[in-house]
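Got a predicted structure here, sequence first:
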Amino acid sequence: MTISSEPSRPRPLLVAGLGNPDRGDDGFGPAVIARLARLALPEVDLLAFCRPLDLLDHWEGRGLVLVLDAALPRGKPGRLHRIDPLGDWALLPPAASASTHGLGLAEAIELGRTLGRLPGQIIVYAAEGSSFAPGAPLSPSVAAAVDEAVERIAEECRRAG
């Protein structure tokens, strides 16, 4: 799913939302992308994907990629984590962990590294989810994290731009 189409020449900044909006809190990433689209951030490409491997076709050659994704709860649903997966690799779920995406974000990053197809920098914003049931809406705690993520991502885009 594409929220805004990429121009023929990708912009240096990509904000990518991962997840399935029809699986409860897994819709966190696409929900943030939809809200960011209303802000009309200049020089920023906004894309939403269900499969993390799709990132490889869109992040190569970018200076900065901000990724939004839901995460399994570690203590407090709705808590937002900012992770530099190239520097804080241990904070991402292990590559063997289950994911509704099939192959997860950690695998996509590792494959990008192996193929020499990583952007200059990746920052992941992960919201701890609580409900990933088919057909469920975002939980109230993750819906509140959408607001926080929009503010934080917009600020990162302004600083980067």
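Sure, I can see it.

so Phe17, which of the three states?
I think there's a mix-up here, since residue 17 is Gly and not Phe. strand (DSSP: H, G, I helix; E, B strand; the rest coil).

Number of residues surrounding the closest residue to it other than its chain neighbours?
In this structure, Gly17 finds its nearest non-sequential neighbour in Gly29, 3.1 Å apart by Cβ to Cβ, 6 or more residues apart in numbering. Every C-beta, even on glycine, is put in place using the N, C-alpha and C of the backbone. Neighbours of Gly29 under the rule other Cβ atoms under 10 Å: 28.

Can you read off the backbone torsions of Gly29?
Note on Gly29: backbone dihedrals following degrees, to the nearest 10 are phi -60, psi -50.

which residues sit in contact with the residue nearest the centre of the chain?
Most central in the chain under Cα atoms, centre = their mean is Leu68, positioned 2.1 Å from the mean C-alpha point. Neighbouring residues of Leu68 by Cβ atoms under 8 Å, 6 or more residues apart in numbering: 15-19, 28-29, 32-33, 124-127, 149, 153.

Pro73 too?
By Cβ under 8 Å, 6+ apart, the neighbours of Pro73 are Glu128, Gly129, Ser130.

Enumerate every residue touching the closest residue in space to the last one that isn't next to it in sequence.
The spatially closest residue to Ser130, leaving aside those adjacent along the chain, is Pro77, at 3.6 Å (Cβ to Cβ, 6+ apart). Counting by Cβ under 8 Å, 6+ apart, Pro77 makes contact with Asp25, Glu128, Gly129, Ser130, Ser139, Ser141, Val142.

what's the lowest-mean-pLDDT helix or strand in the chain packed up against?
For the chain, counting by mean pLDDT, DSSP states H and E, helix 105-115 ranks last in confidence among helices and strands (a mean of 90). With contacts taken as 3 or more Cβ pairs under 8 Å, 6 or more residues apart in numbering; DSSP states H and E, helix 105-115 sits against helix 56-59.

Let me see the mean pLDDT of the helix it packs on.
When pLDDT is averaged over helix 56-59, the result is 92.

ok now it, how far from the chain's centre?
Its chain's C-alpha centre and that of helix 56-59 lie 13 Å apart, by Cα atoms, centre = their mean, to the nearest Å.
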